[in-house]
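Chemist: let me see the structure of the following:
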Amino acid sequence: MSRLLLIDTALRLFAIGQLLLIALVIGRGSAPRPIRAATVALLIGVSSYLTLATPIFLRLRGPFWALVQLAAQATPLILWLFAHLLFERRINARVLAAGAVVTVSCWVGFGVADALDARFWIALVQRGVSLLLVLHALTIAVRERGDDLIEKRRRLRVGFVIVVGLGAVMVLVVEMAFGFRHRDVLATLPQTLVIFVAVLATGGALLKSDPELLFDPAAPPPPPEPAFSPAETVLKAKLDAAMVAGVYREAGLTIGALAERLGAPEHRLRALINQRLGYRNFSAFLNEARIADAKARLADPERVALPVLTIAMDLGYGSLAPFNRAFREATGQAPSDFRRAAFAEKS
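Modeler: Numbers count the residues shown, from 1 in each chain. Take a look at the predicted model:
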């Protein structure tokens, strides 16, 4: 075994051990079950990928080895799912189902296909879909950063997804460029180094940081917050006045734009809305005001003929779909059903 190959193997084994240790710690934690399961599955998937190309494991066969291959191939889909759960985004069931079908189909195809050409095209489809899923996860991480109101969690969440995501992109691109069955240590060692560094960074962040930064562990309620400071009182008065004036109806409103409107630093406004008013995301803060306004308009006899789409657009929603989704999450009803029930009670 050459020196480079020995280094590659040692780094892989070290990373696998650390990944499994982190998975054990998080799996036994008190985070909500869905995010805990997704995190453990993601860590197992990455460790499975590292196992596949570790020289001492290359000759292994059998059902367990087949499951290791499935876990490795499912890692990009798990990362995509993890990003949605972490950033509290609605999971598109169709995309999830399609990704699962492609993953399992390619896994089965690798097992039954004998011709090299067939295996090449199966690998190309699998890596191509994986790359799209990882890029989408990265997009979510970057785009949703401004909506998170907890500063430390914003850094940790985005850093975690970006480190893992960029590592996955690098691995997939190298595989598509150098071939899907390469065993050249000059091609695998850079992959191993990237994953090794990512594991160290992620593991250190997860095990050293307060779990509350990444998750929402079950914990006793915090003690009552002290009274608002003079600066907070002034800022809250400005915020309340802006909300009464209807600033929440502005389409595409960001917390940065609102802070500029109020003449306050963004971090102070973010802390006020999160730590003092209790909102986890800026979109949740806006949606509460928007949905309350929408309910009043839908139940107003003077606006009974006003289309739901018009109400959605007037309240700052770019289209009907996000308005319907937010309204249903808040009330358990579609806007049209709410309007119908409101007027049925009055008759």
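
Chemist: do a quick rundown of the helices in the stretch 201-347 of the chain.
Modeler: Ranges of helices within the stretch 201-347 of the chain are 211-214, 230-244, 255-262, 266-271, 282-298, 308-314, 320-331, 335-346, based on DSSP state H, counting those that start in this stretch.

Chemist: save those as a markdown table, and put in mean neighbour count and distance to Ala15 too.
Modeler: The way it works is simple: take the backbone N, C-alpha and C, and place the C-beta from them, glycine included. Supplementary listing: the helices of the stretch 201-347 of the chain in a markdown table, determined by neighbours: other CB atoms under 10 Å; distance: least, CB to CB, whole Å:
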| stretch | mean neighbour count | distance to Ala15 |
| --- | --- | --- |
| helix 211-214 | 16 | 20 |
| helix 230-244 | 14 | 45 |
| helix 255-262 | 17 | 37 |
| helix 266-271 | 17 | 35 |
| helix 282-298 | 19 | 36 |
| helix 308-314 | 17 | 48 |
| helix 320-331 | 17 | 39 |
| helix 335-346 | 14 | 50 |
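
Chemist: compare those helices and give me the one nearest Arg143.
Modeler: Among the helices of the stretch 201-347 of the chain, helix 282-298 comes nearest to Arg143, with 11.5 Å by CB to CB.

Chemist: packing partners for that closest one?
Modeler: helix 308-314, helix 320-331, helix 335-346 (3 or more CB pairs under 8 Å, 6 or more residues apart in numbering; DSSP states H and E).

Chemist: Gln126: which of those is closest?
Modeler: Among those, helix 320-331 sits nearest to Gln126 (CB to CB), with 30.7 Å.

Chemist: so that closest one versus helix 282-298, what angle?
Modeler: Going by axes from the mean of the first three to the mean of the last three CA atoms, to 10 degrees, helix 320-331 is angled at 90 degrees with respect to helix 282-298.

Chemist: before we move on, which element is Gly17 in?
Modeler: helix 3-27 (DSSP states H and E).

Chemist: what comes up buried for that helix?
Modeler: 8-9, 11-12, 15-16, 18-19, 22-23, 26 (16 or more other CB atoms under 10 Å).

Chemist: picking up where we left off before, could you dump the helices and strands packed on helix 282-298 into JSON lines and include mean pLDDT and distance to Glu260?
Modeler: As requested, those are exported to JSON lines (pLDDT from 0 to 100; distance: least, CB to CB, whole Å):
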{"stretch": "helix 308-314", "mean pLDDT": "95", "distance to Glu260": "23"}
{"stretch": "helix 320-331", "mean pLDDT": "92", "distance to Glu260": "24"}
{"stretch": "helix 335-346", "mean pLDDT": "88", "distance to Glu260": "32"}
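
Chemist: mind listing the strands for the stretch 101-250 of the chain?
Modeler: Remark: strands of the stretch 101-250 of the chain are absent; assignment by DSSP state E, counting those that start in this stretch.

Chemist: just so I know, which of the helices and strands packed on helix 282-298 lies nearest Leu131?
Modeler: Comparing those by CB to CB, helix 320-331 comes nearest, at 26.8 Å.

Chemist: just checking, what packs against the closest one?
Modeler: Judged by 3+ CB pairs under 8 Å, 6+ apart, helix 320-331 is in contact with helix 282-298, helix 308-314, helix 335-346.

Chemist: need the ones you listed in JSON lines (columns: distance to Leu131).
Modeler: As requested, the helices and strands packed on helix 320-331 are exported to JSON lines (distance: least, CB to CB, whole Å):
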{"stretch": "helix 282-298", "distance to Leu131": "28"}
{"stretch": "helix 308-314", "distance to Leu131": "34"}
{"stretch": "helix 335-346", "distance to Leu131": "38"}
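
Chemist: Ala334 touches Ala326, doesn't it?
Modeler: No - counting by CB atoms under 8 Å, Ala334 stays clear of Ala326, with 11.3 Å between them.

Chemist: which strand or helix spans the residue nearest the centre of the chain?
Modeler: Centre of the chain computed as the mean C-alpha position; nearest residue by CA atoms, centre = their mean is Ala83, 1.8 Å away. Using DSSP H and E, Ala83 sits within helix 75-86.

Chemist: let me see the mean pLDDT of that helix.
Modeler: Mean pLDDT, computed over helix 75-86, is 90.

Chemist: going forward, count from 214.
Modeler: Sure, I'll start counting at 214 from here, so that last one is helix 288-299.

Chemist: report how many residues lie close to Arg340.
Modeler: A count of neighbours around Arg340, defined by other CB atoms under 10 Å, yields 19.

Chemist: I figured it hits Leu385, correct?
Modeler: Yes - using CB under 8 Å, Arg340 is in contact with Leu385, at 5.2 Å.

Chemist: where are the low-confidence patches of the stretch 214-363 of the chain?
Modeler: In the predicted model, the stretch 214-363 of the chain carries pLDDT under 70 at residues 214, 268, 271, 329.
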